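S.K.: With the input below, show me the fold.
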Amino acid sequence: MSFPMEQTEETHSFFEIKKELSLRLEACLPLKQEEILPLLERPKRPEHGHLALPVFSVSKKHQTNPRILAEKWAEQVNLKDLQIVEKTEALFGFINFTFHGKFLKHQLENLMVKKELAFFKQASKSHWVMDFASPNVAKHINMGHLRAAVLGQALVNLARRFGYRITAVNHLGDWGTQFGKLIWAYQRWGKEYDPTALDSLVNLYIRFHEEAAKDPEKNRKAAALFKNLETGDPELTKLWESFVQISLKDYDRYWEMLNIKHDLVLGESFYRNLTEDIQKRLKNKNLLKKSDGAQVVFLGDNHPPCLIQKSDGASTYAARDLASAIYRFEKLKADKNIYITGSDQKLHFHQIFQTLEKLNPKWSPSCKHIAFGMYRFKGGGKMSSRQGQSVFLKDVLDQAKKRVEKIIESRQSELKDKDQIAKQVSIGAVVFNDLQQDCAKDVEFNWDRVLDFEGRTGPFVQYTHVRCLSLMEKYKQPIQNNFSKNFSFEEDEKTLTWHLLCFEWAVFQAFQLFKPHILANYLLNLAAEFNRFYATHRILDSDRAADRMVLVYGVQRVLNTGLQILNVPLPSKM
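M.R.: Below is the predicted model:
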């Protein structure tokens, strides 16, 4: 899983706070600033302060029990006036720090004057090719494709905020033996179906597999048809092109709806004439070997070989992926080549990367497979188009929109632009539901969970953003980026301020770990904290209105930026 990349410089507000504290701690602890800085972390429980210094790793060097060392060093810190720290205490091997409100106030003002939050200019101009949301032609977009699309777009959005040049690629699954199967089915039963509908192609594909289960000879005939397609049979080519166009028309509709944007659409078929070059390169390196009539690359005793050409002479998925990888490095001049696909392709990409390393040792370390967990049904079965076991995105979005419309009619029947708002909220619910879960883990599909609009959901964050906009509209005065001179935080204001100051840290972590759920869960926590504040404090009719509106504006800006990064729609009314 190693992925050597340029060290992303930490320039966010949270890092500046850590840097300030570590500099002051250097003066009273037997540690250098560069030793302290990477150790500082957020405590898991908010009552333990703003930052914590765990001493476990350094206690061995000092030959002291971590608890005793933490207590000793906390006493040393308390003897010094760090000015920015209000309270220092030792707890279970940690030294916990709580900052003065005045310091946090100054830090938030520094954050608020930024024209754009969480936008990090890097010296590097590294070019990344990011391959995501690459559905197979002649299949409906299902929840698995949704995960590939929304995760990929969120990671693209994050990478661009750190200054990387991104080429977002849709590596469309428009070539392979499945088209031999589809052509065979279309030639036999096509007259029974609407030739312009994607539904027809899906049903033909399912029907073929049902029939092939009874008569495996059909698979051999389909393979022969695909081989003829590869050699350029004009009639088969025309039929294949129609399948691709029917599918793209449907896919583009969903990409537009979900705001998924690709810079290049280069399907597998684009590389079909480059597979011969792959074979030549492998032969020149003496890597291509014959095995049971097929051409393979052996990868060692512990790994299955990489299949390059089938025994009937047809090309393989692996050969086309090798061709696409080399194209990205040699033609697109990629510095990094990133694949965002399901965890069921881990072995495939291991084989691809191992083969690339044998061709050119520089290529493999510059490749990464970001594997996401699969949507599964209760009992463990995964979604499968060939078995007709899929939950289609269309059905989920339709159901979500109907639920939102019902809620709007029961609560705000006079709301303007109801249809547009229902679309934004329903898409937000479905997209956020996916992104708030750790992408590395499998997800059991549950209709109620996907369509839940209560509690920790996308609509909850969207609604909090709308609430902030409403307060700003009602305030009817310019909102400042700074607090009044003599303003002093109350405890809840201080808590909300600390949440805001952790925003850029959440963005940084989400990018560094390629896990957008870190950002999604941060936004949920911020929304919850703001709504607690809203429920217990007067804002517009308070004598602290001007200063509290600075906090409202801060929450609105953070939620707005965070939802944009996650590609979640931002309704102006709810």
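
S.K.: in the longest helix along the chain, what's buried?
M.R.: In the chain, taking DSSP state H as the definition, the longest helix is helix 234-258. For helix 234-258, a neighbour-count test (16 or more other CB atoms under 10 Å) marks 236, 239-240, 243-244, 246-248, 250-251, 254-255, 258 as buried. Quick note: C-beta positions are derived from backbone N, CA and C, even for glycine.

S.K.: What is the most widely separated pair among the residues you listed?
M.R.: The largest separation in these, counting by CB to CB, is between 236 and 258 at 32.9 Å.

S.K.: one step back: nearest to residue 314, of the buried residues of helix 234-258?
M.R.: residue 236 (13.3 Å).

S.K.: The nearest residue to that closest one once chain neighbours are set aside: neighbouring residues, count only.
M.R.: If the residues on either side of it in the chain are set aside, residue 236 comes closest to residue 229, at 4.5 Å by CB to CB, 6 or more residues apart in numbering. Residue crowding around residue 229 was assessed by other CB atoms under 10 Å; the count is 23.

S.K.: Let me see the contact set for residue 229.
M.R.: Going by CB atoms under 8 Å, 6 or more residues apart in numbering, residue 229 touches 179, 180, 183, 236, 237, 240.

S.K.: Can you tell me the element it falls in?
M.R.: helix 217-230 (DSSP states H and E).

S.K.: Residue 556 now?
M.R.: Using DSSP H and E, residue 556 sits within helix 545-565.

S.K.: pLDDT (mean, whole number) over that helix?
M.R.: The average pLDDT for helix 545-565 rounds to 97.

S.K.: before we move on, what SS does the residue nearest the centre of the chain have?
M.R.: The structure's the chain has its C-alpha centroid closest to residue 151; by CA atoms, centre = their mean the separation is 3.2 Å. Here residue 151 is recorded as helix under DSSP: H, G, I helix; E, B strand; the rest coil.

S.K.: How about the contacts made by the residue sitting furthest away from the middle of the chain?
M.R.: In the chain, the residue that sits farthest from the middle, by CA atoms, centre = their mean, is residue 79; the gap is 45.6 Å. By CB under 8 Å, 6+ apart, the residues touching residue 79 are residue 28.

S.K.: how about low-confidence regions in the stretch 351-500 of the chain?
M.R.: 377-389 (pLDDT under 70).

S.K.: can you give me the strands for the stretch 1-150 of the chain?
M.R.: Counting by DSSP state E, counting those that start in this stretch, one finds strands in the stretch 1-150 of the chain at the ranges 51-54, 85-91, 94-99, 127-131.

S.K.: Repeat that for the stretch 201-350 of the chain.
M.R.: Under DSSP E, counting those that start in this stretch, the stretch 201-350 of the chain gives strands at 264-265, 288-291, 294-297, 306-309, 336-342.

S.K.: before we move on, back to that, any buried residues in the helix holding residue 229, and which?
M.R.: By 16+ other CB under 10 Å, the buried positions in helix 217-230 come out as 218, 219, 222, 223, 225, 226, 227, 229, 230.

S.K.: The last one reaches residue 272, doesn't it?
M.R.: Yes - taking contacts as CB atoms under 8 Å, residue 230 lies within contact range of residue 272: 6.7 Å.

S.K.: which neighbours do these two share?
M.R.: Shared contacts of residue 230 and residue 272, defined by CB under 8 Å, 6+ apart, comprise residue 315.

S.K.: Not counting residues beside it along the chain, what's closest to residue 542?
M.R.: residue 548 (6.2 Å).

S.K.: quick one: contacts for the one you found?
M.R.: 493, 537, 539, 542.

S.K.: contacting residues for the second one?
M.R.: Applying CB under 8 Å, 6+ apart, we find residue 537 in contact with 492, 548.

S.K.: and it, how far is that from residue 529?
M.R.: Computed as CB to CB, to the nearest Å, the residue 537 to residue 529 distance reads 12 Å.

S.K.: same deal with the last one?
M.R.: Distance, residue 542 to residue 529, by CB to CB: 18 Å.

S.K.: What are the boundaries of the helices in the stretch 101-250 of the chain?
M.R.: Ranges of helices in the stretch 101-250 of the chain, per DSSP state H, counting those that start in this stretch, are 101-112, 143-161, 177-189, 198-214, 217-230, 234-258.

S.K.: The stretch 301-450 of the chain now?
M.R.: With DSSP H, counting those that start in this stretch as the criterion, the stretch 301-450 of the chain has helices at 317-330, 346-359, 393-411, 418-435, 447-450.

S.K.: Would you mind giving those helices as a markdown table with distance to residue 53 and mean neighbour count added?
M.R.: Supplementary listing: those in a markdown table, determined by distance: least, CB to CB, whole Å; neighbours: other CB atoms under 10 Å:
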| stretch | distance to residue 53 | mean neighbour count |
| --- | --- | --- |
| helix 317-330 | 43 | 22 |
| helix 346-359 | 38 | 18 |
| helix 393-411 | 45 | 16 |
| helix 418-435 | 32 | 22 |
| helix 447-450 | 39 | 12 |
